[in-house]
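Asks: Turn this into a structure:
(chains A and B)
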Amino acid sequence: MAYSDKVLDHYENPRNVGSFDKGDDSVGTGMVGAPACGDVMKLQIKVNKEGIIEDARFKTYGCGSAIASSSLVTEWVKGKKLDEAAGIKNTQIAAELSLPPVKIHCSILAEDAIKAAVEDYKKKHQ
Amino acid sequence: MKSALTFPIYLDYSATTPVDPRVAQKMIRFLTEDYGNPASRSHSLGWKAEEAVEEAREHVAALVRCDAKELVWTSGATESINLALKGAAEFYKTKGRHLITVKTEHKATLDTMRELERRGFEVTYLEVKPDGLLDLNQLETALRKDTILVSVMFVNNEIGVIQDIPAIGEMCRKRGILFHVDAAQATGKCDIDLQVLKVDLMSFSAHKTYGPKGIGALFVRRKPRVRLEAQIHGGGHERGFRSGTLATHQIAGMGEAFRLAKLEMADENPRIRAMRDKLLAGMQQMEEVFVNGDLVHRVPHNLNISFNFVEGESLIMAVKDIAVSSGSACTSASLEPSYVLRALGRSDELAHSSIRFTLGRFTTQDEVDYTISHLRSKVERLRELSPLWEMHKEGIDLSTVQWAAH
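Replies: A predicted model of the protein is given here:
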C-alpha cells in the first residue's frame, strides 16, 4: 500500500500525542471505533472559558492512515469554536491526506471522534 | 557493525530463499553450453542434458531417502500437490470419493480440495489444536470406509509447526488409505526418510531450499504402487505422469540445492535455531507478546509472534526495513486476518498484529540484533500511541468495554 507523503509525515511525527485528565471540566473526550475493526481513536479537546478549543491530544490504535487522520485533526481543531470543530467534514480530512478509497473510513472515524469529544464537553456543561 | 547491514534485512525465508550462489553456478552451463533437450536421444547434447537430469534426481532422492525412479519433476510444489490430489482422486474414485485434509494447509491444497468438491468429491477439513498440531484422535474419527486419501503438510508455512507424519502414515497405511504430504517447507529442515515413513505421495519445491523458483518434484511410491491420472498431457515425459520438456537448468539447480541441504543441514539448523532463539528472547523482553504455534514441534528457523495492542498494518509500516510476513492482508477494504492463526483460536486483533520471522542460511547475528532493537523501539512507540495499551495499563479489561459501533 502506497501512502501519501502527508500520511507518512503524520505517522512518523504524530502531533499532539497523549492524554488529558478525563475528569477535568475543561476537557472533552471522544473514543470511537472498536479493536475488532482494526481502529480505535481517542481524541481529547481542552476548551477555555470563551468556548474556544485551546489544545488537543490523541491516541490511536490503527493503520497509518488512521494515525495520520487523528493527528491532523488535533491540529485543525485548535483555535476553533466547538461548533466550528464539530463542522469538520471527513472529506476535508481525506482530501488533505490524499487518502485512497479503502482508507476513507479512517477520515470518517476522525470526524466522529471530534463530534464525540465536543458532545462529551457539552454534556459536562449542560 | 551496524553500518555493514544492508536493507531491507531479509527474514522471509519461508516465502522464498535466495538461490545459493553454488546452485546458480551449477545452473548456468545448462542454459548456454549444454542446452540440449534431455528427451533428444540422437546426439550428445541430449545425452548430457539427460545425464544432468538423472544426476539431479539422485540428489533429490538422497535427501528424502527414496528411489530416484519414484520422483516426477513438476513446476513446483503447487503443481505437485495438484497432480497428487487430483491425480489420485480421479484414479481411485471408484474406490471412494472422500478425502481428508486440515484447515491450516497451504492454499495449494485447500483450493485443490475445493476444486475436487466441485467435481463431486467430499472433503473433511480437520481443525487443529491451539498449538497448531493435528489431534490424531480427531483424524482417526474422521477416517471412513470410502476415504481414499489424507493430505497433511509436514511443516506449516506460517507457524512452522511439524505434524506427526510417522503416526498419520501408520494410521492411513493400516486402512489402505493414500497419504499425501506437502513437504515444501520441510526439506533441509527436517529429516525425511521415505524408507521408513508410510507416505505414498510427497510434494517438494526447490525455492524454499536455496534452489530456483519454478521447479519442484512429486514423490510417487512404487511399493506399494501408487497410481495417478496425469493432469498434463503431451509427449509422455516423466513416465506419462507429467508431459512437457524438462527444464534442465532448473532441475540441475534443484538437485544441487538438495545435495547441499543434505551435506549442510546438520550444521546449519543448530546455528539458525540459536539465532531464532535469541530473536525470541529479545521479543519476550516486551510485555504482551505471544508466540503462535508450538515451540517444540517446530522447524528451527520460524518465529511467529503477535504483539498485543498494536494494530497490524501500522506494525508492518513500522518495520519496513525488515522483510517479514504479516498475519494480516491489508490490501483490501476488509481486513482479512490469517486463516491459520484464526484456526488456532487467536482473536482477530492478535491475528492481525502477528509477524512471521523466518531466518535462513545467510542470516547474520548482526541482523538478528538489529531486528530485536528495531522491533522493540517500534512496538513501544506504537503502544505509546495506542489507547488500548493505555487502558490495559490502567487495568481495564478490554473485553468488557462497550465499543461504539461505526
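Asks: Every contact and neighbour count from this point should use C-alpha atoms.
Replies: OK.
Asks: Up against chain B, what does chain A have?
Replies: A:1, A:17-18, A:31-36, A:38-42, A:58-64, A:102-103, A:109 (CA under 8 Å from any CA of the partner chain).
Asks: hmm, 10 Å instead?
Replies: Within reach of chain B by CA under 10 Å from any CA of the partner chain, chain A has these residues: A:1, A:3, A:8, A:11-12, A:14, A:17-19, A:31-43, A:58-67, A:101-105, A:108-109, A:112.
Asks: ChimeraX command to pick out the buried ones of these?
Replies: Those of those that count as buried under 16 or more other CA atoms under 10 Å in any protein chain shown are selected in ChimeraX with:
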select /A:8,11,14,17,18,19,31,32,33,34,35,38,39,40,41,42,43,58,59,60,61,62,63,64,65,66,67,103,104,105,108,109,112
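Asks: Is residue B:315 in contact with residue B:325, as I believe?
Replies: No - counting by CA atoms under 10 Å, residue B:315 stays clear of residue B:325, with 11.1 Å between them.
Asks: Mutual contacts of the two, please.
Replies: Shared contacts of residue B:315 and residue B:325, defined by CA atoms under 10 Å, 6 or more residues apart in numbering or on different chains, comprise B:354, B:355.
Asks: What distance do you get for residue A:67 to residue A:5?
Replies: Distance, residue A:67 to residue A:5, using CA to CA, to the nearest Å: 14 Å.
Asks: Find residues that contact each of those two.
Replies: residue A:11.
Asks: ok, back up a step: sitting in helices, which of the residues of chain A next to chain B do you find?
Replies: Residues of the residues of chain A next to chain B located in helices (DSSP state H): A:8, A:11, A:12, A:64, A:65, A:66, A:67, A:104, A:105, A:108, A:109, A:112.
Asks: want to try CSV for these, with distance to residue A:52 and pLDDT as columns?
Replies: Compiled in CSV, these are given as follows (distance: CA to CA, whole Å; pLDDT from 0 to 100):
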residue, distance to residue A:52, pLDDT
A:8, 30, 94
A:11, 27, 94
A:12, 29, 93
A:64, 29, 93
A:65, 27, 95
A:66, 25, 95
A:67, 24, 96
A:104, 28, 94
A:105, 28, 93
A:108, 23, 96
A:109, 22, 96
A:112, 19, 97
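Asks: among those, which two are most distant?
Replies: When CA to CA is used, the two most widely separated members of these are A:12 and A:112, lying 23.5 Å apart.
Asks: quick revisit: for chain B, state which of the ones in helices among the residues of chain A next to chain B is nearest.
Replies: Within these, proximity to chain B (CA to the nearest CA) peaks at residue A:64, which comes in at 5.3 Å.
Asks: how many neighbours does the nearest residue to the closest one once chain neighbours are set aside have?
Replies: In space, and not counting its chain neighbours, residue A:64 is closest to residue B:314: 5.3 Å by CA to CA, 6 or more residues apart in numbering or on different chains. Residues contacting residue B:314 under the criterion other CA atoms under 10 Å in any protein chain shown number 21.
Asks: elements contacting the strand or helix carrying residue B:314?
Replies: Using DSSP states H and E, residue B:314 falls within helix B:312-318. Counting contacts by 3 or more CA pairs under 10 Å, 6 or more residues apart in numbering or on different chains; DSSP states H and E, helix B:312-318 packs against helix A:5-12, helix A:64-77, strand B:325-326, strand B:328-329, helix B:348-352, strand B:354-358, helix B:365-385.
Asks: What residues does residue 123 make contact with?
Replies: No chain was given, so I picked chain A. Residue A:123 touches A:28, A:117, counting by CA under 10 Å, 6+ apart.
Asks: Please refer instead to chain B.
Replies: B:97-102, B:110, B:113-114, B:116-117, B:147, B:149-150.
Asks: go again using 8 Å as the cut-off
Replies: Residue B:123 makes contact with B:98, B:99, B:100, B:101, B:113, B:117 under the criterion CA atoms under 8 Å, 6 or more residues apart in numbering or on different chains.
Asks: quick one: the nearest residue to residue A:55 once chain neighbours are set aside from residue A:20, how far?
Replies: Nearest residue to residue A:55 in three dimensions, chain neighbours excluded: residue A:46, at 5.1 Å (CA to CA, 6+ apart). Here the criterion is CA to CA. By it, residue A:46 lies 8 Å from residue A:20.
Asks: Pull up the overlap in contacts between the two.
Replies: Listed contacts common to residue A:46 and residue A:20 are residue A:27; contacts here mean CA under 8 Å, 6+ apart.
Asks: Show me which of those two is the more surrounded one.
Replies: The neighbour count for residue A:46 versus residue A:20, taken as other CA under 10 Å, is higher for residue A:46 (23 against 18).
Asks: where's that one, which helix or strand?
Replies: strand A:39-47.
Asks: Export that strand to PDB, keeping only CA atoms.
Replies: Output in PDB follows, covering the C-alpha atoms of strand A:39-47 (Å, rounded to 0.1, in the frame of the first residue of the first chain):
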ATOM      1  CA  ASP A  39      -9.200   1.100  14.600                       C
ATOM      2  CA  VAL A  40      -9.800   2.800  17.900                       C
ATOM      3  CA  MET A  41      -9.400   6.600  18.200                       C
ATOM      4  CA  LYS A  42      -9.300   8.600  21.400                       C
ATOM      5  CA  LEU A  43      -9.500  12.400  20.800                       C
ATOM      6  CA  GLN A  44      -9.500  14.900  23.700                       C
ATOM      7  CA  ILE A  45     -10.100  18.700  23.500                       C
ATOM      8  CA  LYS A  46      -9.300  21.300  26.100                       C
ATOM      9  CA  VAL A  47     -11.700  24.200  26.000                       C
END
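Asks: partners of that strand in the sheet?
Replies: The pairing partners recorded for strand A:39-47 under DSSP bridges are strand A:27-34 (antiparallel), strand A:53-61 (antiparallel).
Asks: which residues sit against the first one?
Replies: Yep, that's strand A:27-34 we're talking about. Contacts for strand A:27-34 (CA under 8 Å, 6+ apart): A:20-22, A:39-47, A:109, A:112-122, B:403-406.
Asks: Now name the helix or strand holding residue B:278.
Replies: Counting by DSSP H and E, residue B:278 is part of helix B:248-283.
Asks: for that helix, what is the average pLDDT?
Replies: For helix B:248-283, mean pLDDT rounds to 98.
Asks: so what does it touch, helix or strand wise?
Replies: Judged by 3 or more CA pairs under 8 Å, 6 or more residues apart in numbering or on different chains; DSSP states H and E, helix B:248-283 is in contact with helix B:21-32, helix B:44-64, strand B:302-307, helix B:365-385.
Asks: so what strands line up beside the third one?
Replies: Looking back up the chat, that one is strand B:302-307. Strand B:302-307 is paired, per DSSP bridges, with strand B:289-291 (antiparallel), strand B:354-358 (antiparallel).
Asks: want to try JSON lines for those strands, with mean pLDDT and mean neighbour count as columns?
Replies: JSON lines is the format used below for the strands paired with strand B:302-307 (pLDDT from 0 to 100; neighbours: other CA atoms under 10 Å in any protein chain shown):
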{"stretch": "strand B:289-291", "mean pLDDT": "97", "mean neighbour count": "17"}
{"stretch": "strand B:354-358", "mean pLDDT": "95", "mean neighbour count": "27"}
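Asks: quick one: pLDDT of the closest residue to residue B:133 other than its chain neighbours?
Replies: The shortest distance from residue B:133 to any non-neighbouring residue, by CA to CA, 6+ apart, is to residue B:163 (6.0 Å). Residue B:163 is assigned 98 on the pLDDT scale.
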